[in-house]
Structure formats: C-alpha cells, structure tokens
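Undergrad: predicted model and sequence below, questions to follow.
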Amino acid sequence: MSLGSIISWIVCGLVVGLCSRFLVPGRQSMSLSMTTVLGIVGALVGGFFYSLIRGASVQPFSLASQNWYGWIVAILGAMLVVWAYPHVYPRKWWN
C-alpha cells in the first residue's frame, strides 16, 4: 500500500463522513478526525453489505470509472455508522 493510496482513503473517508453527517438528522458532536474514521469504517461496512447482496464488485472504488454507486453505498454505510456511534459510545455527562 503506497502513501498515495493511504491519502486517497483518508480524503474519501472525509468526504463520505461529511456527507453522512450532513444527511443523518440530529447533532453529532465529533471531531473532524472521528468523522474521517467513521467515513472510512462506513465505506467498508457499506461495501461489505453490498457484496453480500450483489457479490463482489469487478471494478475498484474509483472516481474515474463508471462505479459511481460505490459512493452511494459508502455514504449509506457511513450514515449507518454515524447514526450508531452515539448509541454505542454515548457522551458522558462530564464531557
């Protein structure tokens, strides 16, 4: 794994995380780095569920190809993760 692919995963995770935070109703109090991590995790979760339903994708997750539905699946998976995060790790009253 090269440095360029790691940076692209981080940038894509940030974009997916920001889109999912915008689409999930309510206030999410989390940092930008947590948004990026949840975006990456959500993309993996969405891809996993998609592969269970449709099988593995032939083309990789890319902007250059006609694989635009990968972004939709990643955002839907990230929405699920962003919605579940405060339920799994609730904020303490002293935070």
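TA: Great, that's in hand.

Undergrad: so what's Y69 up against?
TA: For Y69, the contact set (C-beta atoms under 8 Å, 6 or more residues apart in numbering) is empty. Every C-beta, even on glycine, is put in place using the N, C-alpha and C of the backbone.

Undergrad: distance check, it against R54.
TA: According to C-beta to C-beta, to the nearest Å, Y69 and R54 sit 9 Å apart.

Undergrad: and stretch 48-55, C-alpha only, in CSV?
TA: Taking Å, rounded to 0.1, in the frame of the first residue of the first chain, the C-alpha atoms of stretch 48-55 are listed here in CSV:
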residue,chain,number,x,y,z
PHE,A,48,-19.5,-5.4,2.9
PHE,A,49,-23.3,-5.3,2.9
TYR,A,50,-23.3,-4.6,-0.9
SER,A,51,-21.0,-7.6,-1.5
LEU,A,52,-23.4,-9.7,0.5
ILE,A,53,-26.3,-8.6,-1.7
ARG,A,54,-24.8,-8.3,-5.1
GLY,A,55,-21.5,-10.1,-4.9
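
Undergrad: does the spatially most central residue of the chain belong to a helix, a strand or coil?
TA: Nearest to the mean C-alpha position of the chain, by C-alpha atoms, centre = their mean, lies G39 at 2.7 Å. For G39, the secondary-structure state derived from DSSP: H, G, I helix; E, B strand; the rest coil is helix.

Undergrad: what number of residues lie near the closest residue to it other than its chain neighbours?
TA: Counting by C-beta to C-beta, 6 or more residues apart in numbering, the nearest residue to G39 once its immediate chain neighbours are dropped is G17, at 2.7 Å. Residues lying near G17 (other C-beta atoms under 10 Å) number 30.
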